[in-house]
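Colleague: Predicted model, plus sequence, below.
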Amino acid sequence: MDLLILILQGVIVAATPLVFAAIGELVVERAGVLNLGIEGMMILGAIAGFSVTLDSGSYLAGIIAAAAAGAVAAFLFGVLTQVLMANQVATGLALTIFGLGLSALWGQGYSGESTVPLAKIHIPLLSDIPIIGPLLFSHDPLVYLSIILVAGVAWFLAKTRAGLILRAVGENHDAAHAIGYNVVGVRMLALLFGGACAGIGGTYLSTVQTPLWVEDMTAGRGWIALAIVVFAAWRPGRALLGAYLFGGVTVVQLHIQGFGVDIDAQILSMLPYLITILVLVLISHDKARANFNAPACLTKPFFASS
Amino acid sequence: MIRLEPRQEISHRLLYLTPVYAVGLTILAGMVMFFVLGKDPVRAISIIFFEPLTDWFAISEMMVKATPLILIAIGLSFGFRAGVWNIGAEGQFTIGALSGGAVALALYQVEGFWVLPLMCLAGILGGMAWAAIPAFLRTRFNANEILVSLMLTYVAVLLLGFLVHGPLKDPDGLNFPESRTFHEAALMPILIEETRAHVGFLVALAAAVIAWVVLARHVIGYQIKVMGQSPRAARYGGFTEKRVVWMCLMISGGLAGLAGVFEAAGPVGQLVPALPVGYGFTAIIVAFLGRLDPIGIVIAGFVMALTYIGGETAQIEMNLPSAVTGVFQGMFLFFLLGIDVLAKYRFRIIRVTRAAAGE
Amino acid sequence: MTGTAPLHLSGITKRFPGVLANDNVGFSIAPGEIHALLGENGAGKSTLVKMIYGVMRPDEGSMHFGDTPYAPAKPSDARAHGVGMVFQHFSLFEALSVAENVALGMNKDAVSKDLDKQIVEVSEAYGLPLDPKRLIDSLSVGERQRVEVVRCLLQNPRLLIMDEPTSVLTPQEVEILFETLRKLSSEGCSILYISHKLEEIRTLCDRATVLRGGKVVADCDPRQETAKSLAELMIGTSLSFPEPHAAKLGDERLVVKGLSVKSPDPFGTDLRDISFCVCAGEILGIAGVAGNGQVELMEVLTGEKTTDNDAVLIDNAPVGRENTTTRRRRGMCSVPEERLGHGAVPEMSLWENTILSARTRLGMERNGFLNLGIAHDFANEIVQKFNVKTPGIEHEARSLSGGNLQKFIVGREILQTPTVLVILQPTWGVDAAAAADIHRALQELAKGGAAILVISQDLDELMAISINFAVISEGRLSESRPTGSMSVEEIGLLMGGVHSSVGKKGAA
């Protein structure tokens, strides 16, 4: 029983960076932009958060730094794609390559260092309930934040006028422009939010999950976050579910040998990637449905002719 | 107020000038970066960008690095023109090396001029097979090839690790995770004595020439261009998306696989887990920097190889971190994409006049 | 509301690179007046109304709303002044509901809590019933326009701008719309009605301002004018339509039998049991409101989509499963509706664009290798014979004006001497002189023994050139009959989908 609780807690820890990155990208894609640079923004967030936390001793400062690093990177992406009309796919790739390089440069002095992981908040009384307590009510603050964020995004998109405008921009940017909404402005704000989320997701890796700095430590999580958004059909609740499923696969792969299953570690490590592909195929094969769910203007460049 | 206005036609002069501007801006930004890091910016830039050009050995090393970059980038450029985003060339490279290497190991100590060509064939087929997965999943199930090909890269690298830990491990080795070193007939012939530059470089140049002919004079190149610019016009012209997706992924997978064999049978000489060092990703930059044009890619491949060699020298001489190379490569692509706007749009300064009295 | 003009424009000028879109434009609209803004494509109508609605700003000139200066910097300013606009290409969001679309088009403080109830009330009061919960993509084109209109009405407009509102409507829907507009006008709301349809303007509007080349060329009472005099004001020269010829028809060249195709797109139109034939020497015209299966029919005929092999025959050979290239080899050429991005690749030069559709028939391709010399020669021939205005064949397709590119594409297909030609919207956006040239070329091709299928929304065009005539509606095609044997009323009913009554010879 204790082992099961441990595994489930592990799932939550493994899933949380994916939740942050995926919910941020979901908002960006709902606004009609595809940012393939999540991996780059995450790794920049990871090193920014790690270095600031280590130097200042403040987790809050680290988290803010991580969010800022991700947002700055996203801003760069926004200027290139929204103002200078650069191709979104190529710019996203550039952001990933640049982010991996810059983070390695930045992290040069921090290899081998480690921080104490962010403390867990045990919610009084509730966390004492057997099983449910440790599962639901004793996590670090970022886990709670990630859940609140998903609920907040769901509410924002469905219930607020600003959320409606954001969806409208993603559906038909020409019409939104004709009615008088600032398409580029809305998309820039969405990108900044997405960047900040990816940054926090990154710092979760380097200050909570591991907690140390390793080059390329995101190891493809940014790409998995993209797959989760497709999996979620651009709906926040399903993105949360998707992230936990992927987190689960990662953890199960770590524990499966413990159960006496004799499979090579490297073969098992392939599992999350192969499952991502499988899910992608299952989600995408109904072409008409996949297109209907996707924001209609996704990846289309917007140029105001007037 | 400054506004962008689309040009009626793309400026071709600017199209070829922008990569030069991008290199210039990258150097400038690099100098700022070194200044911030507390290093002598002039010395660092001259070590990275100019010193390698004065040394024959460094130039031969550039040929070694440029070979896979050019081969892979040429393959990718077909897909990028058609809107087929194969970004898993690193995986196809790895599987190519693995297939070619497996042939070399199976024919260990077998002499014969046909050993190396057979390895190359295996490498090409291996790369194609790996690229066939995203091609099949996209054409059959509409799955995004960006994500599939990328996920497969991680799988390919893990597979290489698994095989050199197990079945392909050197039986006479000290249990290190690496294969036997290839025998003489399975190694790339050296091009210049006393260096590592091998005949693969000539193959890369030949590939560039063939690619140029295909793009300019053959219906394959024509349909790839049409598909990338307007898919509906392509259908009107009698070209099908499926065929173009398959063609692009087979070309890029095959060339990446070939580059993998060259790497294993050339400078490395065996299969090791660290064989994939990121050429597949850097080649994406090379393809864009070279304007998706085969001749441009050859030049861009050399520029990018220069940052590798220069970066290594700077690492030794100035104690700069090796990550500098990655930062430079990212900056290249950023600046290039940013400046591209000049070729497609013109800037106009607009004086805002009062539209009406009393505003 | 006082007796003074709700909107007065003077000296409005707007420049674009290389074009003077509006040149010193001025006129007034009285309260409750239905005021027509008349002009050809490219006369500067859309630019002008965009400035009134605050989407663009004029370079020079001034506007007054009532007695106060009016200079909207953005559409929400215009809306705050009581100006509403219904766009030609609807500014609607398909995946959002009616209520959400309405809310997006209103200023923030104008949106009330019970918007749904308001929508139902207003829409019913004006005879345009709507369900606020439905998604836009489940609505018909006419219903979509209602959403736009209701959105404006909810803001109690003093001026309503309608940009080409009837181009997508059936005659019956047009009647409903006109009723609504008359009711609004009687309540004191002014309407600026943009159109190039002369009869409409004569029945609906109180005044008309005619624009040509960005300038006001006339300000008149349309009821005092004839359609012909309005047309002359709008176009500037007298037209000469080609004479339809009584031709002897030859063998059946293009035959379609029981063609049914389900559209894979949930919002596309299914083709239902379509049968017709086009003989050598015949021009068959197919009319219909946009989005009733024209594009789907074209795709199946040309081979962009394949179907049952026996459903389509060219010269008695079943070709339903063949692709476009094979059908071209058999003699079928085609001109799609969309010029840039379908009929031509925008970023490719003119000579490269000849390879797109002419490589098989003109031998530009041998073992996959392209003969660029033939492509160059052919491009030059098209430019010369079809009078395409371009500095040279090295220039990109998108650098040509719409009309010139249309001439190039039509020329490219006709000069391949097809035996079957399928052509959509042959003169869309083309000036009158070029349109006459294209019509003449089509008629000459038919005289030479080709079978031609013209699919168009322009009834006048079809009446002028086709020998036989049919109407497509909701994916069904009416029986083809000699042109001129149908009354306008019959055609209108067919376009509105009323098949049975016409089948019994005008029983409607």
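Modeller: Everything's here; your move.
Colleague: three-state assignment of the closest residue to C:Ser480 other than its chain neighbours?
Modeller: Once flanking residues are discounted, C:Ser480 sits nearest to C:Ala470: 4.1 Å by C-beta to C-beta, 6 or more residues apart in numbering or on different chains. Every C-beta, even on glycine, is put in place using the N, C-alpha and C of the backbone. Secondary structure state of C:Ala470, per DSSP: H, G, I helix; E, B strand; the rest coil, is strand.
Colleague: How far away from the center of its chain is the host helix or strand of A:Ile12?
Modeller: Element membership for A:Ile12, per DSSP states H and E: helix A:2-30. Its chain's average C-alpha position is 9 Å from that of helix A:2-30, according to C-alpha atoms, centre = their mean, to the nearest Å.
Colleague: Number of residues surrounding the residue nearest to C:Ser480?
Modeller: 23 (other C-beta atoms under 10 Å in any protein chain shown).
Colleague: Just the pLDDT at it, thanks.
Modeller: For C:Ala470, the model assigns a pLDDT of 92.
Colleague: Just the pLDDT at residue 111, thanks.
Modeller: In the absence of a named chain, chain A is used. For A:Ser111, the pLDDT comes out at 78.
Colleague: could you do chain C instead?
Modeller: 74.
Colleague: Relative to chain A, how far out is the residue nearest to C:Ser480?
Modeller: Distance of C:Ala470 to chain A, given as C-beta to the nearest C-beta, to the nearest Å: 30 Å.
Colleague: Test my guess that that residue contacts C:Arg481.
Modeller: Yes. Counting by C-beta atoms under 8 Å, C:Ala470 touches C:Arg481, with 7.3 Å between them.
Colleague: Would you enumerate the residues in contact with B:Ala211?
Modeller: Residues in contact with B:Ala211 (C-beta atoms under 8 Å, 6 or more residues apart in numbering or on different chains) are B:74, B:77-78, B:294.
Colleague: Could you do C:Ile472 as well?
Modeller: C:286-288, C:292-294, C:297, C:455, C:478.
Colleague: Out of the helices and strands in the chain, which is least certain?
Modeller: In the absence of a named chain, chain A is used. helix A:287-293 (a mean of 60; mean pLDDT, DSSP states H and E).
Colleague: ranges for the strands of the chain?
Modeller: The chain I'm using is chain A. A:121-122, A:138-139 (DSSP state E).
Colleague: try chain B instead
Modeller: Using DSSP E, strands in chain B cover B:2-6, B:345-349.
Colleague: For the residue at the greatest distance from the centre of chain C, grab phi and psi.
Modeller: Largest separation from the mean C-alpha position in chain C: C:Asn367, at 41.1 Å (C-alpha atoms, centre = their mean). As for C:Asn367, its main-chain torsions (degrees, to the nearest 10) stand at phi 50, psi 30.
Colleague: show me the contacts for the spatially most central residue of chain A.
Modeller: In chain A, the residue lying closest to the centroid (C-alpha atoms, centre = their mean) is A:Ala21, at 0.7 Å. The contact partners of A:Ala21, by C-beta under 8 Å, 6+ apart, come to A:38, A:42, A:197-198, A:201-202, A:221-222, A:225.
Colleague: just C:Lys389 next, same as before
Modeller: Neighbouring residues of C:Lys389 by C-beta under 8 Å, 6+ apart: C:400-401, C:404.
Colleague: Grab the nearest non-local neighbour of A:Phe193.
Modeller: Nearest residue to A:Phe193 in three dimensions, chain neighbours excluded: A:Val27, at 5.5 Å (C-beta to C-beta, 6+ apart).
Colleague: tally of neighbours for the one you found?
Modeller: What A:Val27 shows, counting by other C-beta under 10 Å, is a neighbour count of 25.
Colleague: how far away is B:Val244 from chain C?
Modeller: From B:Val244 to chain C the distance is 14 Å (C-beta to the nearest C-beta).
Colleague: Thought B:Gly221 was touching that residue, still the case?
Modeller: No. Counting by C-beta under 8 Å, B:Val244 does not reach B:Gly221; the two are 11.0 Å apart.
Colleague: In terms of neighbours, single out the busier of the two.
Modeller: Neighbour totals were compared for B:Val244 and B:Gly221, and B:Val244 leads with 25 against 19 (other C-beta under 10 Å).
Colleague: Let me see the contact set for the more buried one.
Modeller: Per C-beta under 8 Å, 6+ apart, neighbours of B:Val244: B:82, B:84, B:223-224, B:227, B:234.
Colleague: which of those lies closest to B:Glu178?
Modeller: Ranked by distance to B:Glu178 (C-beta to C-beta), these are led by B:Val84 at 34.6 Å.
Colleague: Counting neighbours, what do you get for the closest one?
Modeller: Around B:Val84 there are 27 residues (other C-beta under 10 Å).
Colleague: per-residue confidence at it?
Modeller: 92.
Colleague: Contact residues of the stretch 201-350 of chain B facing chain A?
Modeller: B:281-282, B:284-285, B:288, B:321-331, B:333-334, B:337-338, B:340-341, B:344-345 (C-beta under 8 Å from any C-beta of the partner chain).
Colleague: can you do 6 Å?
Modeller: Counting by C-beta under 6 Å from any C-beta of the partner chain, the positions of the stretch 201-350 of chain B adjacent to chain A are B:284, B:288, B:321, B:323, B:326-327, B:329-330, B:333-334, B:337-338, B:341.
Colleague: Narrow those to those that are buried.
Modeller: Buried by 16 or more other C-beta atoms under 10 Å in any protein chain shown: B:284, B:288, B:321, B:323, B:326-327, B:329-330, B:333-334, B:337-338, B:341, out of those.
Colleague: Could you list which residues are in contact with B:Ala122?
Modeller: B:Ala122 sits next to B:99-100, B:103 when contact means C-beta atoms under 6 Å, 6 or more residues apart in numbering or on different chains.
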